[in-house]
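[1] Structure for this input, please:
(2 chains)
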Amino acid sequence: DIQMTQSPSSLSASVGDSVTITCRSSQVITNYLNWYQQKSGEAPRLLIYAASTLHSGVPSRFRGSGSGAHFTLTISGLQPEDFATYYCQESLFAPQYVFGQGTRLE
Amino acid sequence: EVQVVESGGGVVQPGGSLRLSCAVSGFTFSDYWMSWVRQAPGKGLEWVANIKKDGSEGFYVESVRGRFTIVRDHGKNSMYLEMNNLRNEDSAVYFCAREFVFTLPVVGGRNHYSTLDVWGRGTTVIVSS
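    Residues are numbered from 1 along each chain as shown, chains lettered A, B, ... in the order given. Take a look at the predicted model:
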């Protein structure tokens, strides 16, 4: 079974900072990698699909990159609304999906 | 407005049953696969199950296979998760989500990328004696 591992588990930053979250898969998934944002008490929100394509309405300060088994989510110029938990999710093995354990940005 | 709304959560004893509902609006229900994703208290997201557009087949995470059944009713624009033999570890917020497949051109053809693009606010299931 595929495993998705995010690092770090939590991250402290300030408004204006740039941060990078890493997601590694236990198997090669080419670019079948999605990123989601979840604010406390809210539903998750799709940010990026195909490893690097921004979903409609997502600000350009979010950038996804990577392929194979190593992926990153970079947020440049953090805004107050960006403090949330971020999850990666593989979609190569659809219809079954696996999420990473999450990275809390605080 | 595209929307999915979950209901049916509650408190149930171990070994008990519960049926969750997901009502959709604002899009053609029969055009999309649908998923259930759960989140245990203080934990991350876990995909639970999904169902084909026509409802002919469902897929499950190993931990719920044989206990949970996913179904859909196009006449009611709704999806359901029938949960039996519930365990303490099934306690979670259960989210309903629409699966959207994006198509991107690549050398020699196109690739299809499955995502969960519309989510509800969730319904809470507590399994406790």
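
[2] Which strands border the helix-or-strand element of chain B with minimal mean pLDDT, and is each parallel or antiparallel?
    Among the helices and strands of chain B, strand B:109-119 carries the lowest confidence by mean pLDDT, DSSP states H and E, at a mean of 91. Under the criterion DSSP bridges, strand B:109-119 sits next to strand B:92-106 (antiparallel) in its sheet.

[3] ok, and for the strand it pairs with, which residues are buried?
    Across strand B:92-106, burial judged by 16 or more other C-beta atoms under 10 Å in any protein chain shown covers B:Ala92, B:Val93, B:Tyr94, B:Phe95, B:Cys96, B:Ala97, B:Arg98, B:Glu99, B:Phe100, B:Phe102. Glycine gets a C-beta too; all of them are placed from N, C-alpha and C.

[4] got the contact list for the residue most central in space within chain B?
    Residue closest to the average C-alpha location in chain B (C-alpha atoms, centre = their mean): B:Trp36, at 1.6 Å. Under the criterion of C-beta atoms under 8 Å, 6 or more residues apart in numbering or on different chains, the neighbours of B:Trp36 are B:20, B:22, B:47-50, B:70, B:79, B:81, B:94-97.

[5] A:His55 now?
    Counting by C-beta under 8 Å, 6+ apart, A:His55 touches A:Leu46, A:Leu47, A:Ile48, A:Tyr49, B:Thr115, B:Asp117.

[6] list the contacts for the fourth one?
    Taking C-beta under 8 Å, 6+ apart as the definition of contact, the neighbours of A:Tyr49 are A:Asn34, A:Trp35, A:His55, A:Ser91, B:Phe102, B:Tyr113, B:Thr115.

[7] Take those residues and write them to CSV, including distance to B:Val12.
    Below are the contacts of A:Tyr49 laid out as CSV (distance: C-beta to C-beta, whole Å):
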residue, distance to B:Val12
A:Asn34, 32
A:Trp35, 34
A:His55, 36
A:Ser91, 32
B:Phe102, 37
B:Tyr113, 36
B:Thr115, 31
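
[8] nearest to A:Ala69, of the residues you listed?
    The closest of the contacts of A:Tyr49 to A:Ala69 turns out to be A:Ser91 (C-beta to C-beta; 14.3 Å).

[9] was I right about the closest one contacting A:Tyr97?
    Yes - using C-beta atoms under 8 Å, A:Ser91 is in contact with A:Tyr97, at 6.3 Å.

[10] any residues in contact with both of those two?
    Counting by C-beta under 8 Å, 6+ apart, the contacts common to A:Ser91 and A:Tyr97 are B:Ser114.

[11] Cool, thanks, talk later.
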